[in-house]
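A.B. asks: heads up, no residue letters with this:
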């Protein structure tokens, strides 16, 4: 009976420790004046064991000024999402690191959801399912396929708000400093350590790029980028091609 009680006590202690795990939320931003205050105002309601770090990549629209007073830290970095995420990680103090886009809103259960990875034996990283808010009728289909593909492949996109234990991110050396597809590269590195925790709770992300460039065109572009990346095309070349396809 004592052994059972001790085991139950250890489980309770582990659950309690996970529930208190400090979370560092890192937002790599560049010219996000239209969205930054909305997401930071939500994050400001979180508990004291959360720090919010905004990493500004040379914004020209006052993004950093708008973030003032709503983030624990605002730092500057050379532009490039992977570079900015690594800069945020370098100053973060949380046991769990969450990378969040400035146009993505977390669900009410987010903290409890992500703190699951602090439990012994749990996956060491994870991501949310996603909803995409926009005008196109294709966006619910895009989101459903994105969630399914991620669940089957163990590869997440940045729109799904990737989170990872600090010690694990340190072990793999942070994110690879590449111009594009940093989310895929990070997922593949983490997947070698454990399968992701694929949460059913959903983040809600903006469909602005689908609305601006056309949903079907954006879908084809993103699938082409992934196909070229897994075929070995260098990220620098992909970034140039992506820019041309978006503006063409």
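C.D. replies: Sure thing, it's come through. Fair warning: this is a prediction, and the values are worked out from it, not measured in the lab. Numbering: from 1, shown residues only.
A.B. asks: so what's residue 238 scoring on pLDDT?
C.D. replies: On the pLDDT scale, residue 238 is placed at 86.
A.B. asks: That one belongs to a helix?
C.D. replies: Yes. If the criterion is DSSP: H, G, I helix; E, B strand; the rest coil, then residue 238 is within a helix.
A.B. asks: and it, what does it touch?
C.D. replies: If a contact means Cβ atoms under 8 Å, 6 or more residues apart in numbering, then residue 238 has 179, 180, 181, 225, 228, 229 as its contacts. Where C-beta positions appear, they are placed from N, C-alpha and C, glycine not excepted.
A.B. asks: Can you check the pLDDT for the spatially closest residue to it that is not a sequence neighbour?
C.D. replies: For residue 238, ignoring the flanking residues on the chain, the nearest one in space by Cβ to Cβ, 6 or more residues apart in numbering is residue 180 at 5.0 Å. In this model, residue 180 is scored at 93, pLDDT.
A.B. asks: Check which residues of stretch 30-43 are buried.
C.D. replies: 30, 31, 32, 33, 35, 36, 37, 39, 40, 43 (16 or more other Cβ atoms under 10 Å).
A.B. asks: Which two among those residues are spaced furthest apart?
C.D. replies: Longest distance between any two of these is 19.5 Å, between 31 and 43; criterion Cβ to Cβ.
A.B. asks: Next, name the residue at the spatial heart of the chain.
C.D. replies: For the chain, the residue whose C-alpha lies nearest the mean C-alpha position (Cα atoms, centre = their mean) is residue 161; its distance is 2.8 Å.
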